[in-house]
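S.K.: Coordinates for the following, if possible.
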Amino acid sequence: MRTSKHRQPPLPAAASEVPGAEHAEGQLRDAASIPAIVARAFSVAGLTVRARVLSRLLASVGPLALAVLGGGAFVKYLQQARWSEIHVSVEDAARATYGQVFELARYVQQSSPEVAEQVLAVLSRDVSTMAALGVSAAAMAIAHLARRNAPPDPRS
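M.R.: Take a look at the predicted model:
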């Protein structure tokens, strides 16, 4: 049987087979959920909040990322690429899709995790967005922010 040279090794049957896997698995799950929470909250937020969030996310990426993220949807902001603030109109915020914002938030989380957490904090302070987001996603966002602000565990 031929196998691809890019084939991944099989994963352990249970997380308990790998030392520290529960902690790493929890961090991975939290990290993967932040872009989804941001994109979902963005899609239910009001237009002014959407514009503010999109502005903050776009300001933290470089020119190349602006040109390619979201299928080139953000290329119009290329001239403002290195500015500390990018002005996003409510019309542009209304046109941004869940997928585009998810991809942008995932990129920002990988390149500037503190910016992704700032955006999450902004969204969590908007009561109407949290109400529209739903209990489970709002709880995940608040729990992530609480863990981030908690003192480090002395056992680790």
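
S.K.: quick one: the strands in the protein?
M.R.: Assigned by DSSP state E, the chain shows no strands.

S.K.: Helices of that one, residue ranges please.
M.R.: Secondary structure of the chain by DSSP state H: the helices cover 21-44, 47-59, 63-68, 90-95, 98-111, 113-125, 127-133, 135-149.

S.K.: what's the closest of the ones you listed to Lys76?
M.R.: helix 90-95 (7.7 Å; Cβ to Cβ). Heads up, the C-betas are built off the backbone N, CA and C, glycines and all.

S.K.: quick one: contacts of that closest one?
M.R.: With Cβ atoms under 8 Å, 6 or more residues apart in numbering as the test, helix 90-95 has contacts from Leu47, Thr48, Arg50, Ala51, Leu54, Ala73, Lys76.

S.K.: redo that, cut-off 6 Å
M.R.: The contact list for helix 90-95 (Cβ atoms under 6 Å, 6 or more residues apart in numbering) reads Leu47, Arg50, Ala51, Leu54.

S.K.: Okay, buried residues for that helix please.
M.R.: Asp92, Ala93 (16 or more other Cβ atoms under 10 Å).

S.K.: From Ala45, how far off is the closest residue to Thr48 other than its chain neighbours?
M.R.: Excluding the flanking residues, the one nearest Thr48 by Cβ to Cβ, 6 or more residues apart in numbering is Val90, at 6.5 Å. Distance from Val90 to Ala45, counting by Cβ to Cβ, to the nearest Å: 11 Å.

S.K.: Next: Ala39.
M.R.: For Ala39, the distance to Ala45 - Cβ to Cβ - is 11 Å.

S.K.: ok, Ala59 - contacts?
M.R.: Glu85, Ile86.

S.K.: Could you report the pLDDT at it?
M.R.: pLDDT for Ala59: 91.

S.K.: okay, now the closest residue to Ser89 other than its chain neighbours: neighbour count?
M.R.: Take Ser89 and drop its neighbours on the chain: the residue closest to it by Cβ to Cβ, 6+ apart is Ala51, 6.7 Å away. As a burial measure, Ala51 scores 20 neighbours (other Cβ atoms under 10 Å).
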